[in-house]
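In: Pasting a predicted model and its sequence here:
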Number of protein chains: 2
Amino acid sequence: MQHSLAQTIVLLERTPAVLDALLRNLPESWTHSTEGGDTWNAFDIVGHLIHAEHTDWIPRITMIRQSGESQTFIPFNRLGQEENCRGKSLPQLLDEFAAVRAASLSELRSFNLRPQDLDRRGRHPAFGPVTLGQLLATWAVHDLTHLHQLSRLMAHQYREAVGPWSVYLGVLQCAGHSSAA
Amino acid sequence: MQHSLAQTIVLLERTPAVLDALLRNLPESWTHSTEGGDTWNAFDIVGHLIHAEHTDWIPRITMIRQSGESQTFIPFNRLGQEENCRGKSLPQLLDEFAAVRAASLSELRSFNLRPQDLDRRGRHPAFGPVTLGQLLATWAVHDLTHLHQLSRLMAHQYREAVGPWSVYLGVLQCAGHSSAA
């Protein structure tokens, strides 16, 4: 499948509604349980997505457009959501994510990117040169990574309850994977 | 987390809306692409979920209630959706899934299952004795398994497009896992 700005936007714009349908008004036993240790719960994941809207995607796109490879992206803080999330409820975070995502997409559209702009380069602190197109595709796959994580961490809560069926349920075989941007 | 009928129903009843938010009116490049070989696309997955409503969950619950361990479940056909899906569009399948899931939950509620009913046993063709509670938990995790699969197969379409970021995106590390019931 060919990557394109339109294919990316059509995914990005629906993630808030997907998370809303999955999480709003679920009992906290589903939304505040983790996979153990210092892994995240659903609340943490929505907070992380909000933080990425503020500090990662649009700021990096803007840096590529303005400075190209001459400036290096500010490293993304994977734990940066804590301060913004303190004292909030999950429905509040879902509302906030929907609002910041809509604002991000409005800003993205205002850039009027042409296909050839997707080849413009920026500089990632670990990878070196990356393209604007790669950054946009990563934004969409980052959403999918966290949907993947959510399905896995929710399934984990029923790991014992399914009894012998656990061998047939693929999500319970998933070892988990790092996720960042 | 303790398994309970209420915790299970609250998940089962939202899956149609989650799939709708994720898939309805997406371009076919997202919904009709697979992970290669004979793997499924989004259309196949929704068809499979419909087939399971018709032939797996409520029929097996009914068999446990009526016959206990004396009758063995009919093996589930993981490819049984083909006939029902032929000639349909994805929006039609999403509508159909919402309708059959609502009917299943209405029937489940009509059983008025008490907590002690969850210990009643049936007989699985491969596992032997299983409980009604394990079957109910499996129904919910089966939904999550296919949400996990959907996020992975959609992310796969951008595997090349994300460039060096692929190492950070957990969903692209997922090897895929069997899924059945």
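Out: Looks like it came in fine. Residues are numbered from 1 along each chain as shown, chains lettered A, B, ... in the order given.

In: The residue most central in space within chain A - nearest residue in space that isn't next to it in sequence?
Out: The centre of chain A sits closest to A:Asp143, judged by CA atoms, centre = their mean, with a distance of 3.7 Å. Of all residues not flanking A:Asp143 in the chain, A:Thr15 sits nearest, at 4.5 Å (CB to CB, 6 or more residues apart in numbering or on different chains). For glycine as for every other residue, the C-beta is placed from the backbone atoms N, C-alpha and C.

In: right, and the one you found touches A:His142 too?
Out: No. With contacts defined as CB atoms under 8 Å, A:Thr15 does not count as touching A:His142, sitting 9.6 Å away.

In: that's a helix at A:Val130, yeah?
Out: No. Counting by DSSP: H, G, I helix; E, B strand; the rest coil, A:Val130 is not part of a helix but strand.

In: Which strand residues bridge the spatially closest residue to it that is not a sequence neighbour?
Out: Using CB to CB, 6+ apart and skipping the chain neighbours, the partner closest in space to A:Val130 is A:His124 (4.8 Å). Beta-bridge partners for A:His124, by DSSP bridges, are A:Gly128.

In: Settle it for me: which of A:Thr15 and A:His142 has more neighbours?
Out: Neighbours per residue, other CB atoms under 10 Å in any protein chain shown: of A:Thr15 and A:His142, the larger number sits with A:His142, 27 against 22.

In: Can you name the helix or strand that the more buried one falls in?
Out: A:His142 belongs to helix A:132-156 when assigned by DSSP states H and E.

In: And that helix, how far out from the chain middle?
Out: Helix A:132-156 has its C-alpha centroid displaced from the chain centroid by 5 Å (CA atoms, centre = their mean, to the nearest Å).

In: Output the contacting helices and strands for the helix or strand that A:Ala6 is a member of.
Out: Using DSSP H and E, A:Ala6 maps to helix A:5-12. When contacts are defined as 3 or more CB pairs under 8 Å, 6 or more residues apart in numbering or on different chains; DSSP states H and E, helix A:5-12 packs onto helix A:90-110, helix A:132-156, helix B:28-31.

In: What residues sit buried inside the first one?
Out: Read that as helix A:90-110. A:Leu90, A:Leu93, A:Leu94, A:Glu96, A:Phe97, A:Ala98, A:Val100, A:Arg101, A:Ser104, A:Leu105, A:Leu108 (16 or more other CB atoms under 10 Å in any protein chain shown).

In: Surely the fifth one is in contact with A:Ile50?
Out: Which is A:Phe97. Yes. If you go by CB under 8 Å, A:Phe97 and A:Ile50 touch, sitting 5.1 Å apart.
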